[in-house]
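Student: I need the structure of the sequence given here:
(2 chains)
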2 protein chains.
Amino acid sequence: MKNMKGMKREFRELSRHITLPKGFVAGASACGIKPSGKRDLGIIAGTGDLAGAVVTTGNQIIGEPIKWIRSVLPRGCGKIRGVVINAGNSNVCTGPAGLADAKTMACLTAKALDTTAQKVLVASTGVIGQRLPMTKVRRGIAEAGASLGLRNDAAFLQAMMTTDLREKSAVVQTTIDRRGVTVAGVVKGSGMIAPSLATMIGVITTDAAISPSVLRTMLRGAVRGSFNAVSVDTDQSTSDVVVILASGQAGLAGEANAKIAKKMPNIKPGTPAYAKFCEALQEVCDALAWQIAADGEGATRVVRVRVRRARNDADAQAAAMSVANSPLVKTAVHGADPNWGRVAMALGKSAAKVQAETLTIKIGSPEKLVKVFARGQGCRFDEKTASKLLASGEVVIDCDLGLGKGKFQALTCDLSREYISINADYTT
Amino acid sequence: MKNMKGMKREFRELSRHITLPKGFVAGASACGIKPSGKRDLGIIAGTGDLAGAVVTTGNQIIGEPIKWIRSVLPRGCGKIRGVVINAGNSNVCTGPAGLADAKTMACLTAKALDTTAQKVLVASTGVIGQRLPMTKVRRGIAEAGASLGLRNDAAFLQAMMTTDLREKSAVVQTTIDRRGVTVAGVVKGSGMIAPSLATMIGVITTDAAISPSVLRTMLRGAVRGSFNAVSVDTDQSTSDVVVILASGQAGLAGEANAKIAKKMPNIKPGTPAYAKFCEALQEVCDALAWQIAADGEGATRVVRVRVRRARNDADAQAAAMSVANSPLVKTAVHGADPNWGRVAMALGKSAAKVQAETLTIKIGSPEKLVKVFARGQGCRFDEKTASKLLASGEVVIDCDLGLGKGKFQALTCDLSREYISINADYTT
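Tutor: Sure thing, here's the model as predicted:
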């Protein structure tokens, strides 16, 4: 994540992210779904049709907006004009009337965008089991639609936040086929969860030219190592969704280098352009995932669990997620306790093959690691030094299984009293 | 668990449990492994050889005593004379020297019992990664061996406790083949875990006559619905072990009904005696499992998750454990919040097939349940009543999947700030 600070700084200077790629506009409003009166409805849209792809929750109980998305994009990709997002009410378990509400949101947004409802995605986050206040939503969509432009990026991001304490965004700019290409992303979610079962919603925009089905493949790849590698508490929302939208307008009018100001050709699999775009996309998704872990409910530090030399990548993922999900590991990190036994236990209980004899565990910070376990036994190490490293902002747990070439990296946060306070003291 | 209070009362009156079945003696000592100076070493043994069977942890990283047990009982059952247990040091990840220590414990105990080391099992619980203080252990085994008798049941149980706040035991007496048979059990463990990765250790004694291999089948069956259905925090110790020992002395001298005072025949599969013994064994294991959940770290209430009408039993187990393991469900129970959305989420993310349309969720206490979710939507219910039911000592979450005949019941406890305190503030 060495680039994150740079990206963050860039974002602050620009105060734009989601509409920084060419061909996008955003709008937002405060229509009263959130009792606080804060912004709660946002629209991100293309100035023309966009290539779009989505990855949605693996949970079998799904929100009504997810049903809408799956009905208009049965293969997870297609032509999209825009996305409407609201916070404060997730429209989950609200039955056929709730699904009709989601469709109404798409129709109203389509009207504002002068397109058809089939080209509008809907995402909602907030309390569940309650019907949306559709009179307010109707007004909110009208207002957000009327405000569409290039100066509403922060407002759009605020409109999708629930219990998030920080705004999460990332921008990467690169050159592909001699054209300047921008990939930008925003995300909400205190790590999959929130008082009333909230949600990760991610929106990524780019001005690269990519077909919907290729975009889907790219998105699935990027999500595996980023959003699917973050766990705050093992729970998985009914409404998780990540959307990527590509305008294809990189290199069009306004480009500094005017002589190549023509529409870029579609990026194709197997080309250097493909690899370069995937790299930029991964960088954006990784940065957003890191920000989710850092803003995990009650988090005081980010924990990066690296598993190396597993039998294969699937084993590495299972082992890394088992460590990242272990409450004992997460409380030990919270207490800055270099308790390698809990890490060994979490590896051992996973579905991955693990052997004490070939296992090496190091713990510490991104700058310095201390070897704590090797060849079936604990190592001699200075506990005070190790404890100080665990008290830094980012903790690294490095597990070398010594069995093969599989690797995976998971992100989580520590488990604190504050997590309990946020989730137990809230009353529906 | 309606019988538990009764069993508990019986135990208090008798002040005996683990040696209540005929043919057993117990001993204990305080040899200084625990810094507190409390009892820390116990022996349970037969007056003659016993049929024995074990179920050990599924974790791939295992303690040295587990290695010893597996070496003397490669098929998980055999002739056993006794078990030596210590608390304060779990002898895990201590390498070949640690395995030699476990073997030495078996040898010393065998000497005290006038048998061979191969007939002695070893179990250890406490801090990991440190060698046992063998001089103290040597003295402890000698003292515990010298004290063997019928008056040390409480002392034996105390010697295996670590962070347990309560002593956990259960006794069931029944009649099989016209002989009075007793099944008794003790267990330690604050729900699989403790500050330094402690452990569930369970010992069950009976005077029924059963062959080792039949005993193993019975034990595995009883463990599935009891100890394997308890989860405090999803973590699994490297040292978990449950032992069952059968003396076969039911009906021998001392029996009230003197005319049937002869050795009972072995209980065989497929007979009414087999079913009756399994029922008694299940009752003891269920009672012990309930006590583990009630004594879970930081627990203020027990949570029983019933899943019914799943596609099959495996699905029911996956669904029940997913709800029981969900931090969001456990914090909601702690806050007495009837948040059915979190239950639906936890069911939906499990490996079991779940459909919102056929799902019914009820929550409450063992006495009264409130329907909160049916046919894809939340039900109207009085939140104050539901919240009051959740504030009772035992909470029931009843999930009818409406898909088949599978059922499973899981036990857990709520998740409180105290859990974090116990596990984060402890320093190795």
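Student: in stretch A:205-223, what's buried?
Tutor: Across stretch A:205-223, burial judged by 16 or more other Cβ atoms under 10 Å in any protein chain shown covers A:205-212, A:214-219, A:222-223. Placement of C-beta: from N, CA and C, glycine included.
Student: what of stretch A:405-418?
Tutor: Buried residues in stretch A:405-418, counted by 16+ other Cβ under 10 Å: A:406-418.
Student: which of those fall in strands?
Tutor: Secondary structure from DSSP state E places A:406, A:407, A:408, A:409, A:410, A:411, A:412, A:413 of the buried residues of stretch A:405-418 in strands.
Student: all strands of the stretch 251-400 of chain A, in order?
Tutor: With DSSP state E, counting those that start in this stretch as the criterion, the stretch 251-400 of chain A has strands at A:302-310, A:360-364, A:369-374, A:377-378, A:394-400.
Student: among the ones you listed, which comes closest to chain B?
Tutor: With Cβ to the nearest Cβ as the criterion, chain B lies closest to strand A:377-378 of the strands of the stretch 251-400 of chain A, at 3.8 Å.
Student: run through who's touching that closest one.
Tutor: A:340, A:341, A:372, B:93, B:94, B:95, B:128, B:129 (Cβ atoms under 8 Å, 6 or more residues apart in numbering or on different chains).
Student: from the chain's centroid, how far away is that strand?
Tutor: Strand A:377-378 has its C-alpha centroid displaced from the chain centroid by 37 Å (Cα atoms, centre = their mean, to the nearest Å).
Student: repeat that for stretch A:22-33.
Tutor: Mean-position distance between stretch A:22-33 and its chain equals 19 Å (Cα atoms, centre = their mean).
Student: now stretch A:370-381
Tutor: Chain-centre distance of stretch A:370-381: 35 Å, with Cα atoms, centre = their mean.
Student: can you point out the buried residues in that stretch?
Tutor: Buried residues in stretch A:370-381, defined by neighbour count with 16+ other Cβ under 10 Å: A:370, A:371, A:372, A:373, A:374, A:376, A:377, A:378, A:381.
Student: for residue A:331, state which of the residues you listed is nearest.
Tutor: Nearest to residue A:331, judged by Cβ to Cβ, of the buried residues of stretch A:370-381 is residue A:372 at 17.2 Å.
Student: spatially nearest residue to that closest one (excluding sequence neighbours)?
Tutor: In space, and not counting its chain neighbours, residue A:372 is closest to residue A:340: 4.1 Å by Cβ to Cβ, 6 or more residues apart in numbering or on different chains.
Student: and that neighbour, how many neighbours?
Tutor: 27 (other Cβ atoms under 10 Å in any protein chain shown).
Student: that one contacts residue A:370, doesn't it?
Tutor: No. Look at residue A:340 against residue A:370 with Cβ atoms under 8 Å: they stay out of range, at 9.7 Å.
Student: list the residues that contact both of these two?
Tutor: Residues touching both residue A:340 and residue A:370 (Cβ under 8 Å, 6+ apart): residue A:363.
Student: can I get the buried residues of stretch A:370-381 in JSON lines with pLDDT?
Tutor: What follows is the buried residues of stretch A:370-381, written out as JSON lines (pLDDT from 0 to 100):
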{"residue": "A:370", "pLDDT": "96"}
{"residue": "A:371", "pLDDT": "97"}
{"residue": "A:372", "pLDDT": "95"}
{"residue": "A:373", "pLDDT": "95"}
{"residue": "A:374", "pLDDT": "95"}
{"residue": "A:376", "pLDDT": "90"}
{"residue": "A:377", "pLDDT": "90"}
{"residue": "A:378", "pLDDT": "90"}
{"residue": "A:381", "pLDDT": "93"}
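Student: dump these into TSV; add distance to residue B:82 as well.
Tutor: Shown next, in TSV, are the buried residues of stretch A:370-381 (distance: Cβ to Cβ, whole Å):
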residue	distance to residue B:82
A:370	42
A:371	40
A:372	36
A:373	33
A:374	36
A:376	28
A:377	29
A:378	30
A:381	38
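Student: of the strands of the stretch 251-400 of chain A, which shows the lowest average pLDDT?
Tutor: Of all those, mean pLDDT reaches its minimum on strand A:377-378 (a mean of 90).
Student: tell me which of the ones in strands among the buried residues of stretch A:405-418 is nearest to residue A:82?
Tutor: Using Cβ to Cβ, residue A:411 comes nearest to residue A:82 of these, at 30.3 Å.
Student: tell me how many other residues crowd the closest residue to that closest one other than its chain neighbours.
Tutor: For residue A:411, ignoring the flanking residues on the chain, the nearest one in space by Cβ to Cβ, 6+ apart is residue A:293 at 4.3 Å. Other residues lying near residue A:293 total 24 when counted by other Cβ under 10 Å.
Student: before we move on, what about the one 5 residues further on?
Tutor: Residue A:298 has 21 neighbouring residues, counting by other Cβ under 10 Å.
Student: quick one, which of the strands of the stretch 251-400 of chain A gets closest to residue B:25.
Tutor: strand A:377-378 (36.3 Å).
Student: quick one: which of the buried residues of stretch A:370-381 is nearest residue A:37?
Tutor: Using Cβ to Cβ, residue A:370 comes nearest to residue A:37 of the buried residues of stretch A:370-381, at 49.4 Å.
Student: ok, now which ones touch the closest one?
Tutor: For residue A:370, the contact set (Cβ under 8 Å, 6+ apart) comprises A:338, A:362, A:363, A:364, A:381, A:382, A:385, A:386, A:389.
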